[in-house]
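> this one's structure only:
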DNA sequence: AACTGTAATGAAAGCGCTTACAGTTTCCTT
DNA sequence: AAGGAAACTGTAAGCGCTTTCATTACAGTT
């Protein structure tokens, strides 16, 4: 392996000078710069970032923890971060936590051991306390898709309550009044907040929240199907259903079709997240957009701002979801 | 930052011994091991992997280059790799090449600068020659989803020709004989090979390949739509269409519906890749499975085998695609 | 008690780079 | 031409660890 030393000898300068041309720090006379570049090329020199990081105490690396690598959800977020980090010449070290507390902690520890300059974390099992404690240490970290009051400055999240509100509000605007709600897991903050938004829209419109029209699923397509079937067992009528996410909406639509109900003619359906496949369904799924990419971008900006002192970036900590109109919702039938 | 030195002082041993207990190398008396562990805990010591890597010349890190982070395609592959690498205590450093030659080269260079122990590459713009040259260097690398004869040992790919064959063969088995083909870009190997498989199935069944029933798209949904429309402009009849990938199939299905043709009653459609949304369509899309996850696993195994000398793994270099039967294909109508 | 062979530990030389700090040139001013 | 500032370059001390080699401790033999 060719070292800076060998380059310096060939170029007839000191290794400090070689380092200077590599990093483009300080001033180096053009003539010697050329000599050094020449020597590097001739020797096929490759900078050793490891050694450089050790000496400079900066790795230009961001540690990234996501629950999973498969599926498009986190990929979109990472793509957002990657874009802004690339422009700043930072790289990403990614690890997965699999929604397991022990694993999440171990991965964070590993990232810290690698001396990442900062961390971007989407962790689901780790406690708030642990994160609060972590935030007080010397490594900057931003927590995405999660809101923790005590360290809200470090959090970037979506206003799920608003999303739930917008979904139901859209249905109400279309004239629906009997609106079912297929909820996600209620032990997750997202599930709770989306439902809360639903209720707010209802009460704002003077409609009563009907327990009988609500079903608690688990964010899987299967539970959307189950929800529709559970609803069918009761006598309660409904002309629209808001689902806690797109997977459940997909399951719900299929179940509805099995009952010979057309979407959106007989029943309007709205999802949440706007995952990749939402637009591939027929008709396209009306849903609430979860701007993962933007969140990823924002997280990266926060890092640039905080860990590298780039202060010319605007930051938002709570993003707003937006309605995405497609084909599964429709004006309510006249009474 | 607490160093090994401080730990060694507190424990009353040399730093070499501390290193030994950290890495669990050599033998250390249980009693001193406990003393050291104790000191580490008391001081809140965190191992500096950077320094360790520099000294040991091993980073336990695999560099990963994929075209994109968004979408689920590469995520599935990385998830496969991650699973097997985690078990071996290796980590991944990911970079994106965006199908741009300069970028791909730069990222590979960056990964090498970080002294990754090995590389897993899905690159699309870089030339075979460059990769062949790279493979001869000292860093082990595996190239996924691409086949290069000269370094086939380093390649892990899917038999796309077989996939194309299986798709068309399936339609033929269902009694179809007028089969349209919406191809992907023919400047890409995948596009060419899938088409070749299609032709082989045709000729094997004694059917003629009809240029008029073939359309070259670009793997995007939009081009599936365009393909169906182009087909409509000619008089040629067809009862089935094989698409070069699922996105195109989705586009084709929608276009078919616009022409009031039912899938699969009037026209059977088969896709390729089995992307995540394939099963969410109604009816579910019949397609050819592209086992990205397995490919990712295989790539990681190759690395373990090659870079870390773990020889108890079985390796396959060319994976076989499989037919995934869902609802978009159907027995041909009786003549 | 002297002797071995092995287990346990320490000393110290790096790994390849960065970065004060100091020293040397060069280039303007006056 | 002298003086000083500015530009450039070199010296050398680390960064925090691993690892070879040498040394010491110790249990088991004879």
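Sure thing, it's come through. Just so it is clear, the structure is predicted and the values come from calculations on it, not from any experiment.

> quick one: secondary structure of the residue in the stretch 201-335 of chain A that chain B sits nearest to?
Per Cβ to the nearest Cβ, residue A:277 is where the stretch 201-335 of chain A lies closest to chain B, at 3.1 Å. Every residue, glycine included, has its C-beta placed from N, CA and C. Recorded secondary structure, residue A:277: helix (DSSP: H, G, I helix; E, B strand; the rest coil).

> Tell me who's in contact with the closest residue to it other than its chain neighbours.
Nearest residue to residue A:277, sequence neighbours excluded (Cβ to Cβ, 6 or more residues apart in numbering or on different chains): residue B:277, at 3.1 Å. Residues near residue B:277 by Cβ atoms under 8 Å, 6 or more residues apart in numbering or on different chains: A:276-277, A:280, B:246, B:250.

> ok, so of the residues you listed, who is nearest DNA strand D?
residue A:276 (42.7 Å; Cβ to the nearest atom of the strand).

> Was I right to think the closest one contacts residue A:72?
Yes - applying Cβ atoms under 8 Å, one finds residue A:276 in contact with residue A:72, separated by 4.7 Å.

> Now the common contact residues for the two.
Common contact partners of residue A:276 and residue A:72 (Cβ under 8 Å, 6+ apart): B:71-72, B:276.

> Just put those in TSV and tack on neighbour count, distance to chain A and pLDDT.
Formatted as TSV, the shared contacts of residue A:276 and residue A:72 follow (neighbours: other Cβ atoms under 10 Å in any protein chain shown; distance: Cβ to the nearest Cβ, whole Å; pLDDT from 0 to 100):
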residue	neighbour count	distance to chain A	pLDDT
B:71	17	5	83
B:72	23	4	85
B:276	20	6	87
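
> so what's residue A:305 closest to, chain neighbours aside?
Leaving aside its chain neighbours, residue A:305 sits nearest to residue A:313 (5.2 Å; criterion: Cβ to Cβ, 6+ apart).

> so what's that neighbour up against?
Applying Cβ under 8 Å, 6+ apart to residue A:313 gives the contacts A:301, A:304-305.

> swap the cut-off to 10 Å and go again
Residues counted as contacts of residue A:313 (Cβ atoms under 10 Å, 6 or more residues apart in numbering or on different chains) are A:84, A:297-298, A:300-306.

> Residue A:21 too?
Counting by Cβ under 10 Å, 6+ apart, residue A:21 makes contact with A:7, A:11, A:13, A:28, A:32-37, A:39-40.

> List buried residues within those residues.
Buried residues within the contacts of residue A:21, defined by neighbour count using 16 or more other Cβ atoms under 10 Å in any protein chain shown: A:7, A:11, A:13, A:28, A:32-33, A:35-37, A:39-40.

> From the residues you listed, pick the one nearest DNA strand C.
residue A:7 (7.3 Å).

> ok so the closest one is a helix residue?
Yes - membership of residue A:7 in a helix is supported by three-state DSSP.

> Please tell me how far it sits from DNA strand D.
Between residue A:7 and DNA strand D the computed distance is 11 Å (Cβ to the nearest atom of the strand, to the nearest Å).

> quick one: contacts for that residue?
Per Cβ under 10 Å, 6+ apart, neighbours of residue A:7: A:13, A:15, A:17-19, A:21-22, A:35-43, A:45.

> so what pLDDT did it get?
What the model reports as pLDDT for residue A:7 is 95.

> With residue A:335 instead?
In this prediction, residue A:335 carries a pLDDT score of 57.

> Over to residue A:234?
On pLDDT, residue A:234 comes in at 87.

> quick one, what contacts it?
Contacts of residue A:234 by Cβ under 10 Å, 6+ apart are A:212-213.

> Check residue A:270 too.
A:166-168, A:170-171, A:174, A:179, A:240-243, A:246, A:249, A:264, A:285-288, A:323-326, A:328-329.

> which residues in the stretch 1-150 of chain A form helices?
Assigned by DSSP state H, counting those that start in this stretch, the helices in the stretch 1-150 of chain A fall at A:4-11, A:15-23, A:30-43, A:49-56, A:73-87, A:101-113, A:128-135.

> Could you dump the ones you listed into CSV with distance to residue B:53 added?
Output for the helices of the stretch 1-150 of chain A, formatted as CSV (distance: least, Cβ to Cβ, whole Å):
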stretch, distance to residue B:53
helix A:4-11, 17
helix A:15-23, 19
helix A:30-43, 23
helix A:49-56, 5
helix A:73-87, 22
helix A:101-113, 10
helix A:128-135, 24
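
> taking these together, which one is wrapped up most tightly?
Each of those was scored by mean neighbour count; the highest is helix A:73-87, a mean of 23, by mean count of other Cβ atoms under 10 Å in any protein chain shown.

> ok, now which ones touch the residue in the stretch 201-335 of chain A positioned nearest to DNA strand D?
Distance from DNA strand D to each residue of the stretch 201-335 of chain A (Cβ to the nearest atom of the strand) is smallest for residue A:307, at 17.8 Å. Neighbour list for residue A:307: A:58, A:60, A:62, A:90, A:116-119, A:139-142 [criterion: Cβ under 10 Å, 6+ apart].

> Lowest-confidence one in those?
Note: of the contacts of residue A:307, the lowest pLDDT belongs to residue A:139, at 89.

> how many other residues sit next to that residue?
Residues near residue A:139, counting by other Cβ atoms under 10 Å in any protein chain shown, number 16.
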